[in-house]
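K.L.:
no FASTA, just this:
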């Protein structure tokens, strides 16, 4: 019985901590007076409000996940750090500056660079961990 109480308590504690955890991406966004972060379907489906991913700009200290589809010869690591000078070191193309770009902008820049080696590459950039402020 003692083990069950301990696991229930630890589960409840993790739920409380997880619910109160502030995401670093949201902390870097300017407040939007038009969006009160309502949870109704109409406001969440609105195309006029920008998502946090589209407003976030990359910088030194970010940790990225870069995926390439339909390219078995190109082996990418599970994570790439953005270095102090704002660049990412990648196979085949070397060092590429992503400083100040959005995730979509970085994906497009990488697609253009990899287009020299791969016919019509599909490259996606995701944020694993945001830099500390």
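P.N.:
Nice, thanks for sending it over. Given the structure is predicted, the values throughout are model-derived calculations rather than measurements.
K.L.:
can we go C-alpha only for contacts and neighbour counts from here?
P.N.:
Fine.
K.L.:
who's in contact with stretch 80-98?
P.N.:
For stretch 80-98, the external contacting residues (Cα atoms under 8 Å, 6 or more residues apart in numbering) are 58-66, 74-76, 99, 106, 110, 113-114, 117.
K.L.:
change it to 10 Å
P.N.:
57-66, 74-77, 99-101, 105-107, 109-110, 113-114, 116-117, 127-129, 131 (Cα atoms under 10 Å, 6 or more residues apart in numbering).
K.L.:
Would you work out how far apart the start and end of that stretch are?
P.N.:
By Cα to Cα, to the nearest Å, the extent of stretch 80-98 from end to end equals 12 Å.
K.L.:
quick check: mean pLDDT across that stretch?
P.N.:
Mean pLDDT, stretch 80-98: 95.
K.L.:
and residue 100, what does it touch?
P.N.:
Residues near residue 100 by Cα under 10 Å, 6+ apart: 56, 57, 58, 59, 60, 86, 106.
K.L.:
Tell me the secondary structure of it, please.
P.N.:
coil (DSSP: H, G, I helix; E, B strand; the rest coil).
K.L.:
cool, residue 67 as well?
P.N.:
Going by three-state DSSP: residue 67 is strand.
K.L.:
what residues are up against it?
P.N.:
Counting by Cα under 10 Å, 6+ apart, residue 67 has contacts 74, 75, 76, 77, 78, 79, 107, 122, 123, 124, 125, 126.
K.L.:
rerun at 8 Å
P.N.:
Counting by Cα under 8 Å, 6+ apart, residue 67 touches 76, 123, 124, 125.
K.L.:
Would you list the buried entries among these?
P.N.:
123, 124, 125 (16 or more other Cα atoms under 10 Å).
K.L.:
Identify the bridge partners of the nearest residue to residue 103 once chain neighbours are set aside.
P.N.:
Counting by Cα to Cα, 6 or more residues apart in numbering, residue 125 is the residue found nearest to residue 103 once chain neighbours are left out, at 5.8 Å. Residue 125 forms beta bridges with residue 66, as assigned by DSSP bridges.
K.L.:
Noted, bye for now.
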